[in-house]
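K.L.:
from the sequence below, what's the structure:
(chains A and B)
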Amino acid sequence: MTADFGVCGLERQNDQKEPAGENGAANTQIEVRNLTKKFGRKLVLDNVSVSIDRGKTTVIIGPSGCGKTVLMKHFIVLQRPTAGEVYFDGQRIDHLSERELNRVRTRFGYLFQEGALFDSMSVAENIMFPIKQHFKGVTWRQVEDVVKAKLAMVGLDGFQNYYPANLSGGQRKRVALARAIALNPEVILYDEPTTGLDPIRSDIINELVLKLERDLGVTSVVVTHDMRSAYKVGDRIIMLHNGRIIADGDADHIRDHPHPTVQQFINGQVSEDDLAVLRMSGAVATSQFLPRDFQQ
Amino acid sequence: MIASLGAKAVQDVVDAGRFGRFTWRAATTSLRCCLVRGTFPLVWNQVNVIGVRSVPVIMITGAFVGMTLAVQAYDQLAGMGLEEHLGVLINIAVVKELGPVLAAVMLAGRVGGALTAELGTMNVTEQIDAVRSMGTDPIRYLVAPRLLACLLLTPILIMYADVMGVIGGALVSFLQLGINSRAYWNFSAAGVELWDVAIGVVKGFFFGGAIATISCYKGFNCKEGAHGVGQACTDAFVASFISILALDFALAVVFKSIYLTFWPIKSLV
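P.N.:
Below is the predicted model:
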């Protein structure tokens, strides 16, 4: 698992697993093989292979800008790979046309980092949107009932006529979650669901993730850099660093992982290299004139 | 330097290809949407935003075009004793060129800017990705209604501008310049044909298509942040403005060829 540790350099110390074979395929819902993504010349994902197990919650952690969100957007092909393949339920989906992908995407729910609620629509209209797009024959009453049920699941029944601008950050995320589950998806993708929330609101979101997994039996993928959240909701934790997987396992595996970058990340410690940069910038700062220098 | 020029040329070709693909998808999707009843409410919303709210500003634009033309052209014609032909000059210029072009430029600023800002904000706040993630084609849901509304409404708005231009020009001619109204209208009726009016209105169809497509494309591809949205709006207006001028020239050549094929050339006076 930690091949070549201490011999071939940090970038090669990783838990990168081989794609699921014949035996693992039945339990694998999403799989990416040798995924590489470049934006211009910038390499964001470097030959990543990972499979997501059905009915489990997989958490992807890593520092900001390491490619977590980009990797998750590939699961639903909101981003097309530069190289590599994406599979959903054994079917390759990265080469499908947008129209073919739309059918696949209805089986996913996606909670965006800032909610991505349509600000020109009320809460109820936001949740109705996917239903009205895909179920033409349903009556207004049926749609209203679904909206009420979905809002009740996230504890916001009664907020139907509010607009996103009138909601707090936590409420917006919960409404976005209600919209993500409007089509009863098989997979829910959470992009930093607790970022920007206070610890209590964060815990509410964590409980909701667990509740949806328990009640709906969905497969969940959570992108986060909140370790408290990762330990609480994750059956499995994957760590990305510089576009590669460097750790993959359950919470205990991650806690005891020997890779120094993993330990720095999970303990929230700054590295010696970063400290050196800070010390250097501190030296520059003291050489500059500040207002208090003139006051003294 | 050569390498950077080459890279820029390659990037421009890539951008042109992207825009071409976007335009093709928008056009084919809009055609398909014409046959789907569910599209009509979305188009109707845009009719209100794009059309109804643009009427005052378009009418003001048209009126001032006609009034200014009257003031500017009077001295030239009066010097030759042809001031009673002022109506022909004003009305042909308004319905054939200045009305459509200036109304379209005004729409590029008002409607194009709003479309780019709205879609650009949706893009940077991931709302367009949200539409895609829910299995809905954003071109069908966001672009097609706007394109259809612009195609439908720009010719109508140009007719408003034409009417106001004609009225504005006539009022200044009668009230300020003292031109005989009977002669003014007689010469105008003899000089302005239905063809001239039709050209202006047909141009509106193309201008509307260009404004909607460019504005939506810039909104869909704007960079992150407030600066990105602002830059996209500026780019959309500049590109729409240049497209309007280029289309106006191309259509003038085409319509003139068609006209000369069927009718002999006719002097304004």
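K.L.:
and A:Val50, what does it touch?
P.N.:
Residues near A:Val50 by C-beta atoms under 8 Å, 6 or more residues apart in numbering or on different chains: A:Lys17, A:Glu31, A:Val32, A:Leu71, A:Ile238, A:Ile245, A:Asp248. Backbone N, C-alpha and C define where each C-beta goes, glycine included.
K.L.:
of the residues you listed, closest to B:Phe22?
P.N.:
Closest to B:Phe22 out of those is A:Leu71 (26.6 Å), distances taken as C-beta to C-beta.
K.L.:
so what touches stretch B:137-146?
P.N.:
A:98-99, A:102, A:133, B:22, B:25-26, B:29-30, B:32-33, B:39, B:42-43, B:45-46, B:50, B:115, B:119, B:122, B:128, B:131-132, B:212, B:215-216, B:220.
K.L.:
quick one on the thing from earlier: mind checking which of the contacts of A:Val50 are buried?
P.N.:
Neighbour-count burial (16 or more other C-beta atoms under 10 Å in any protein chain shown) is assigned, among the contacts of A:Val50, to A:Glu31, A:Val32, A:Leu71, A:Ile238, A:Ile245, A:Asp248.
K.L.:
can you pull out the helices in the stretch 151-269 of chain B?
P.N.:
B:181-191, B:194-220, B:225-262 (DSSP state H, counting those that start in this stretch).
K.L.:
and the longest one with helix B:194-220, angle?
P.N.:
Regarding helix B:225-262 and helix B:194-220, their directions subtend 160 degrees when assessed with axes from the mean of the first three to the mean of the last three C-alpha atoms, to 10 degrees.
K.L.:
pLDDT (mean, whole number) over helix B:225-262?
P.N.:
Taken as a whole, helix B:225-262 has a mean pLDDT of 92.
K.L.:
what's across from the residue nearest the centre of chain A in the sheet?
P.N.:
Per C-alpha atoms, centre = their mean, the C-alpha nearest to the average position across chain A is that of A:Val223, at 2.5 Å. Counting by DSSP bridges, A:Val223 is bridged to A:Ile60, A:Asp191.
K.L.:
list the contacts for it?
P.N.:
A:Val223 sits in contact with A:Val59, A:Ile60, A:Lys68, A:Thr69, A:Leu71, A:Met72, A:Leu189, A:Tyr190, A:Asp191, A:Glu192, where contact means C-beta under 8 Å, 6+ apart.
K.L.:
just send the residues you listed back as CSV, with pLDDT too.
P.N.:
Shown next, in CSV, are the contacts of A:Val223 (pLDDT from 0 to 100):
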residue, pLDDT
A:Val59, 94
A:Ile60, 94
A:Lys68, 92
A:Thr69, 92
A:Leu71, 94
A:Met72, 94
A:Leu189, 95
A:Tyr190, 94
A:Asp191, 93
A:Glu192, 90
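K.L.:
contacting residues around the residue lying closest to B:Leu151 once chain neighbours are set aside?
P.N.:
Nearest non-adjacent residue to B:Leu151, counting by C-beta to C-beta, 6 or more residues apart in numbering or on different chains: B:Gly208, 5.0 Å away. By C-beta under 8 Å, 6+ apart, B:Gly208 lies in contact with B:Ala104, B:Leu107, B:Cys150, B:Leu151, B:Leu152, B:Leu153, B:Thr154, B:Pro155.
K.L.:
lowest pLDDT pick from the contacts of A:Val50?
P.N.:
Among the contacts of A:Val50, A:Lys17 carries the lowest pLDDT, at 55.
K.L.:
tell me which of the helices of the stretch 151-269 of chain B is the most buried.
P.N.:
Of all the helices of the stretch 151-269 of chain B, helix B:194-220 has the most neighbours on average by mean count of other C-beta atoms under 10 Å in any protein chain shown, namely a mean of 23.
K.L.:
done for today, thanks.
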